[in-house]
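J.: fold the stuff below for me.
(chains A, B, C and D)
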Number of protein chains: 2
Amino acid sequence: MWFAPLYPIRPVNQRKEASYNREIPRHIRVYEVVRQHISGGVYSPGDLLPSENELCQLHKVTRPTVRKALDRLANEGFIVRHQGKGSIVKGVPKGVGILAIQGTTSAVGKEKLLTRIITGPEIRSWTEAFSFPLSKVEQESGCLYLERLRIVDNKPVFFDVTMIPNINMPRFTSRNLENKSLFDVLRKNYRLEVKGGEQRILAITADERLMHFFGVPAGHPVVQLNRRIETNRPGFFLYSQVFCNTDEFVLSGNF
Amino acid sequence: MWFAPLYPIRPVNQRKEASYNREIPRHIRVYEVVRQHISGGVYSPGDLLPSENELCQLHKVTRPTVRKALDRLANEGFIVRHQGKGSIVKGVPKGVGILAIQGTTSAVGKEKLLTRIITGPEIRSWTEAFSFPLSKVEQESGCLYLERLRIVDNKPVFFDVTMIPNINMPRFTSRNLENKSLFDVLRKNYRLEVKGGEQRILAITADERLMHFFGVPAGHPVVQLNRRIETNRPGFFLYSQVFCNTDEFVLSGNF
DNA sequence: AAACAGAACTTGTAAACACAAGTAATCAAC
DNA sequence: GTTGATTACTTGTGTTTACAAGTTCTGTTT
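T.: Numbers count the residues shown, from 1 in each chain, chains lettered A, B, ... in the order given. Predicted structure coming up:
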């Protein structure tokens, strides 16, 4: 059985169009607006957001709709809600640190960090990708190999090995990477964005080479990170291995 | 002005008790049950979850309530929803490895992991929170102290120290935490959700105690993690220190 | 048998309502 | 002035109703 609608819920579409032009849900609209207001500085951290009922009036929607928007904002860390008080702006959720998504450059701060290229960049065939499995395509293409030593406050802290599949990476071997963020170069010159990845962490004792680079005695403990980094290019991964002398600098990051 | 309720919404509380024993919201109840069914293997990845209406009947709640539970499950990656089709089980979200956001239990898999309580849970005064700064309130409240040894495949792999501010944590010291996920206990009994945090990683050599726990010789390298973990309770942080013997198991996680 | 129409499901969006519970300001009583 | 109850906010939870829109099966038509 069919019942005539008691009231018109949404304004009749003026023009019927393809589905890609379908209305954006109202709770998402509200979310977008408030989110932009927070990241745009209309509301500062610590501010009290308009109450749910005020937001209802502002956006001409009902409370469940507003609440759905605020649910998401709270979930993503833009706001904190307090029963009986209101929603307090927390700010734009801070990014993920060295261990999470960015290279060491942005974590330590560009000023104090020097990067010395030890080897490469040069084309090699894969030996292994730090125990991550390699696809056939990757294996056949060879890799761009790079070894760097990172120096903070005149002390060598990181030694990293980076391996990038040699697929559509023109002129990479002739690039000057000294004191540059690798991720910046990849983003600007190859439109490669880091999306996420997987990492494995272990503690080892320094081998001859690390003893030499870090200037530490035999038996010195070192953190080793093996990372497989996803990019916006589907199926294209960066592989990197980082050794870190945590005597004076620790690896820190948010999650 | 006051209006008599048109209908009784929820069954009258049989006995009025203190606030820590307040009713757990129904959408959270439903969430917990379905979540356990997924991680417990009642539903396998690829399976179609009961429809929202069926879940309504099962749990004797209405659709918005069920939807709120499913919203969260989808958000956390347990399920994927398809309009017109249903909700498909994706499985326990891997990736939330030890380094990212969850405890070791979900990272390794519950089957193989045993947890032995070494000390506590007991109330102590703070000595320090692994070099994280403590607020005045935290310092004055004292902390719940807990030491655990995690055993994977009969090999001790993790030793962790957890410190929780003793603020509104009734009966925590008398809880049995043996072979349980601490985060699960906190979520179910105290409605504490992990939101994120900060961690610092370093490599050390095992001291007397770790040599004993891990059964490793002197000079053995060990990964140390100091973590400050944010929760949904504003200003309430968990502090934990994890030592990991990475000989046979590495710390892995996604980002 | 193949194609189409429709019914009968599914989830997605949104409103309107009712009440619970936490917070903060106000105001009266002491 | 201080205390304590009241009141007027705030967010939290839950129900009911209505319709939109995607998917799948079924039955009829061709």
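
J.: in chain A, which spans are helices?
T.: A:26-39, A:52-59, A:63-75, A:104-108, A:136-141, A:182-190, A:208-214 (DSSP state H).

J.: including distance to residue B:184, mean pLDDT and mean neighbour count, could the ones you listed go into a markdown table?
T.: All C-beta atoms are positioned from the backbone trio N, CA, C, and that covers glycine. As requested, the helices of chain A are exported to a markdown table (distance: least, C-beta to C-beta, whole Å; pLDDT from 0 to 100; neighbours: other C-beta atoms under 10 Å in any protein chain shown):
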| stretch | distance to residue B:184 | mean pLDDT | mean neighbour count |
| --- | --- | --- | --- |
| helix A:26-39 | 30 | 90 | 17 |
| helix A:52-59 | 31 | 91 | 15 |
| helix A:63-75 | 20 | 93 | 18 |
| helix A:104-108 | 32 | 51 | 19 |
| helix A:136-141 | 39 | 86 | 14 |
| helix A:182-190 | 37 | 83 | 16 |
| helix A:208-214 | 40 | 94 | 16 |
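
J.: give me the residue from chain A nearest DNA strand C.
T.: Closest residue of chain A to DNA strand C, C-beta to the nearest atom of the strand: residue A:84 (2.1 Å).

J.: and that residue, how far from residue B:167?
T.: Relative to residue B:167, residue A:84 is positioned 19 Å away (C-beta to C-beta, to the nearest Å).

J.: ok, residue A:68 next?
T.: Look at residue A:68 and residue B:167: by C-beta to C-beta, they are 31 Å apart.

J.: next one: residue A:169
T.: Per C-beta to C-beta, residue A:169 is found 53 Å from residue B:167.

J.: of the two, who's got more company?
T.: For residue A:169 versus residue B:167, neighbours defined as other C-beta atoms under 10 Å in any protein chain shown are more numerous around residue A:169 (20 against 15).

J.: show me what contacts that one?
T.: Residues near residue A:169 by C-beta atoms under 8 Å, 6 or more residues apart in numbering or on different chains: A:144, A:190.

J.: recalculate using a threshold of 10 Å.
T.: Applying C-beta atoms under 10 Å, 6 or more residues apart in numbering or on different chains, we find residue A:169 in contact with A:121, A:123, A:141, A:143-144, A:175, A:186, A:189-190, A:192, A:236.

J.: residue A:52 too?
T.: Taking C-beta under 10 Å, 6+ apart as the test, what residue A:52 contacts is A:62-67, A:69-70, A:81, A:86-87.

J.: what's the neighbour count on the residue nearest to residue A:215 when sequence neighbours are not counted?
T.: Nearest in space to residue A:215, with sequence neighbours left out and distances taken as C-beta to C-beta, 6 or more residues apart in numbering or on different chains, is residue A:156 at 6.9 Å. Residues lying near residue A:156 (other C-beta under 10 Å) number 18.

J.: pretty sure residue A:156 is touching residue A:113, no?
T.: No - using C-beta atoms under 10 Å, residue A:156 is not in contact with residue A:113, being 11.2 Å away.

J.: need the nearest residue in space to residue A:225, chain neighbours excluded.
T.: Among residues not flanking residue A:225 along the chain, residue A:242 sits closest, at 4.3 Å (C-beta to C-beta, 6+ apart).

J.: show me what the one you found is bridged to.
T.: The partner list for residue A:242 in beta bridges (DSSP bridges) reads residue A:160, residue A:225.

J.: before we move on, back to that, keep only the contacts of residue A:52 that also lie close to DNA strand D.
T.: By C-beta under 7 Å from any atom of the strand, the members of the contacts of residue A:52 lying near DNA strand D are A:63-64, A:67, A:70, A:81, A:86-87.

J.: if you skip the residues just before and after it, what's nearest to residue A:190?
T.: Excluding the flanking residues, the one nearest residue A:190 by C-beta to C-beta, 6+ apart is residue A:169, at 6.4 Å.

J.: backbone dihedrals for that neighbour, please?
T.: When read as degrees, to the nearest 10, the backbone of residue A:169 gives phi -130, psi 60.

J.: how much space separates it from residue A:186?
T.: Separation of residue A:169 from residue A:186 (C-beta to C-beta) stands at 9 Å.

J.: so in chain A, where's the weakest helix or strand by average pLDDT?
T.: Lowest on mean pLDDT, DSSP states H and E among the helices and strands of chain A sits helix A:104-108, with a mean of 51.

J.: give me the number of residues near the nearest residue to residue A:252 once chain neighbours are set aside?
T.: Spatial nearest neighbour of residue A:252, chain neighbours left out: residue B:200 (4.5 Å); criterion: C-beta to C-beta, 6+ apart. The criterion is other C-beta under 10 Å. On that basis, residue B:200 has 20 neighbouring residues.

J.: so what's residue B:200 up against?
T.: Here residue B:200 is in contact with A:99, A:246, A:249-253, B:130-132, B:224-228, B:241 (C-beta under 10 Å, 6+ apart).

J.: so in terms of bridging, what pairs with it?
T.: residue A:252, residue B:226.

J.: what's the answer for residue A:238, then?
T.: Going by DSSP bridges, residue A:238 forms beta bridges with residue A:229.

J.: got the CA coordinates for stretch A:115-129 in CSV?
T.: Taking C-alpha atoms only, stretch A:115-129 is exported to CSV below (Å, rounded to 0.1, in the frame of the first residue of the first chain):
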residue,chain,number,x,y,z
THR,A,115,71.7,15.4,4.7
ARG,A,116,74.8,13.8,3.2
ILE,A,117,74.4,11.5,0.3
ILE,A,118,76.5,8.4,0.8
THR,A,119,75.6,6.5,-2.3
GLY,A,120,73.5,7.2,-5.4
PRO,A,121,71.0,7.9,-6.6
GLU,A,122,71.8,5.1,-9.0
ILE,A,123,70.0,2.4,-10.8
ARG,A,124,70.4,-1.1,-9.4
SER,A,125,68.7,-4.4,-9.7
TRP,A,126,66.8,-5.4,-6.6
THR,A,127,68.5,-7.6,-4.1
GLU,A,128,65.6,-7.5,-1.6
ALA,A,129,63.3,-4.9,-0.3
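
J.: chain center to that stretch, what's the gap?
T.: Centre-to-centre, stretch A:115-129 and its host chain are 24 Å apart (C-alpha atoms, centre = their mean, to the nearest Å).

J.: then stretch A:41-57?
T.: With C-alpha atoms, centre = their mean as the basis, stretch A:41-57 stands 28 Å off its chain's centre.

J.: that one vs DNA strand C: in contact?
T.: No - under the criterion of C-beta under 7 Å from any atom of the strand, DNA strand C is not reached by stretch A:41-57; the shortest gap measures 8.0 Å.

J.: ends of that stretch, what's the gap?
T.: 22 Å (C-alpha to C-alpha, to the nearest Å).

J.: does DNA strand D have contacts with that stretch?
T.: Yes - legend: contact between stretch A:41-57 and DNA strand D by C-beta under 7 Å from any atom of the strand is shown at A:49, A:51-54.

J.: so which of these is the closest to chain B?
T.: Nearest to chain B among the residues of stretch A:41-57 next to DNA strand D is residue A:49, at 14.7 Å by C-beta to the nearest C-beta.

J.: pull the number of nearby residues for the nearest residue to that closest one once chain neighbours are set aside.
T.: Spatial nearest neighbour of residue A:49, chain neighbours left out: residue A:87 (4.1 Å); criterion: C-beta to C-beta, 6+ apart. Look at residue A:87: counted by other C-beta under 10 Å, it has 22 neighbours.

J.: quick one: neighbours of residue A:252, just the number.
T.: 16.

J.: what do you get for residue A:83?
T.: 5.

J.: for it, what are phi and psi?
T.: Here residue A:83 shows phi and psi, under degrees, to the nearest 10, equal to phi -60, psi 130.

J.: tell me the pLDDT at it?
T.: Residue A:83 is assigned a predicted lDDT (pLDDT) of 90.

J.: mind checking how far it is from residue B:234?
T.: 12 Å.

J.: check what pLDDT the closest residue to residue A:155 other than its chain neighbours gets.
T.: Spatial nearest neighbour of residue A:155, chain neighbours left out: residue A:248 (6.3 Å); criterion: C-beta to C-beta, 6+ apart. Residue A:248 carries a pLDDT value of 79.
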